[in-house]
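Asker: Sequence and predicted model, in that order:
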Amino acid sequence: MPSFIKKIFSYKETRFLFVGVLNTAFGYGIFALFIFLGIQYFIANTLSYILGIIHSYLWNKFFTFRTKTVSASEPLKFVSVYFVSYLFSNLFLWLFVEQFHASPYVAGAASLFLTTAVSYFGHSFFSFTGSEQKAVTEEVLPDTNTVSKS
C-alpha cells in the first residue's frame with residue numbers, strides 16, 4: 001500500500017489536488033466558523049483567505065511543487081493569484097447572497113469551484129514556474145524521452 005500511495009503522489013497534479021482538498025476544508029472551515037461567530041461574510045471571507053493563503057503557500061511550496069529556494073517573486077506571484085481568486089470569490093458571494101438571496105454558507109461552498117480553477121491555473125503557469133521547480137520535478141520524475149547512445 002505505501003508504494004501505491006508513493007506512486008500516486010509522484011505526480012504534481014495529484015499533490016495539487018490533495019493540497020487543494022486540504023486547503024479547501026481548512027479555508028471553508030475557517031469561513032464557516034467566522035460566519036457562525038457572527039462575523040459579516042465579506043470579513044469572514046477576507047480572514048479565511050489570509051489564513052488559507054499562508055496554509056496553501058506552505059503546502060504547495062514544499063509538497064506540491066517542491067521548490068527548494070525562495071525567490072522574492074515567488075511569494076508575490078502566489079499571493080497575486082490568490083488576490084485574483086479572492087476578487088472572484090467576493091464577486092460571486094455578493095452576487096449570490098445579495099442578488100439571489102442565497103445563504104452565505106451555500107454561496108461560499110459554491111464559489112470554491114471557481115476559485116479552485118483560478119488557483120490551479122494561476123499556480124501552475126505563474127507562481128511556481130521558476131528553475132528550482134523544474135529541477136525538483138526532474139528529480140522526482142526523470143525525463144523518459146532521452147535516447148541513450150549505447
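Answerer: Received the coordinates, thanks.
Asker: Only C-alpha atoms from now on, for both contacts and neighbour counts.
Answerer: Fine.
Asker: Mean pLDDT per helix and strand in the protein: which one sits at the bottom?
Answerer: Least confident helix or strand of the chain, by mean pLDDT, DSSP states H and E, is helix 131-140 with a mean of 43.
Asker: Touching the one helix or strand Val118 maps to from outside, list them.
Answerer: Using DSSP states H and E, Val118 falls within helix 104-122. Here helix 104-122 makes contact (Cα atoms under 8 Å, 6 or more residues apart in numbering) with 16, 20, 24, 28, 32, 41, 81-82, 84-86, 88-89, 92-93, 96-97.
Asker: Narrow those to just the buried residues.
Answerer: 16, 20, 24, 28, 32, 41, 81-82, 85-86, 88-89, 92-93, 96-97 (16 or more other Cα atoms under 10 Å).
Asker: So in the protein, which helix runs the longest?
Answerer: In the chain, taking DSSP state H as the definition, the longest helix is helix 12-36.
Asker: pLDDT averaged over it - what is it?
Answerer: Average pLDDT, helix 12-36: 92.
Asker: For it, buried residues please.
Answerer: Result for helix 12-36 [16+ other Cα under 10 Å]: buried residues 12, 15-16, 18-20, 23-24, 26-28, 30-32, 34-35.
Asker: And stretch 67-83, by the same measure?
Answerer: So stretch 67-83, judged by 16+ other Cα under 10 Å, has buried residues Thr67, Glu74, Pro75, Lys77, Phe78, Val79, Ser80, Val81, Tyr82, Phe83.
Asker: send the alpha carbons of it over as PDB?
Answerer: Written as PDB, here are the backbone C-alpha positions of stretch 67-83 (Å, rounded to 0.1, in the frame of the first residue of the first chain):
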ATOM      1  CA  THR A  67      10.700  24.200  -4.600                       C
ATOM      2  CA  LYS A  68      13.800  24.400  -2.600                       C
ATOM      3  CA  THR A  69      14.600  28.100  -2.500                       C
ATOM      4  CA  VAL A  70      12.500  31.200  -2.100                       C
ATOM      5  CA  SER A  71      12.900  34.000  -4.700                       C
ATOM      6  CA  ALA A  72      11.400  37.400  -3.900                       C
ATOM      7  CA  SER A  73       8.900  37.000  -6.700                       C
ATOM      8  CA  GLU A  74       7.600  33.500  -5.800                       C
ATOM      9  CA  PRO A  75       5.500  34.600  -2.700                       C
ATOM     10  CA  LEU A  76       4.400  37.700  -4.500                       C
ATOM     11  CA  LYS A  77       3.200  35.700  -7.500                       C
ATOM     12  CA  PHE A  78       1.500  33.200  -5.200                       C
ATOM     13  CA  VAL A  79      -0.400  36.000  -3.300                       C
ATOM     14  CA  SER A  80      -1.300  37.700  -6.600                       C
ATOM     15  CA  VAL A  81      -3.000  34.500  -7.900                       C
ATOM     16  CA  TYR A  82      -4.900  34.300  -4.600                       C
ATOM     17  CA  PHE A  83      -5.800  38.000  -4.800                       C
END
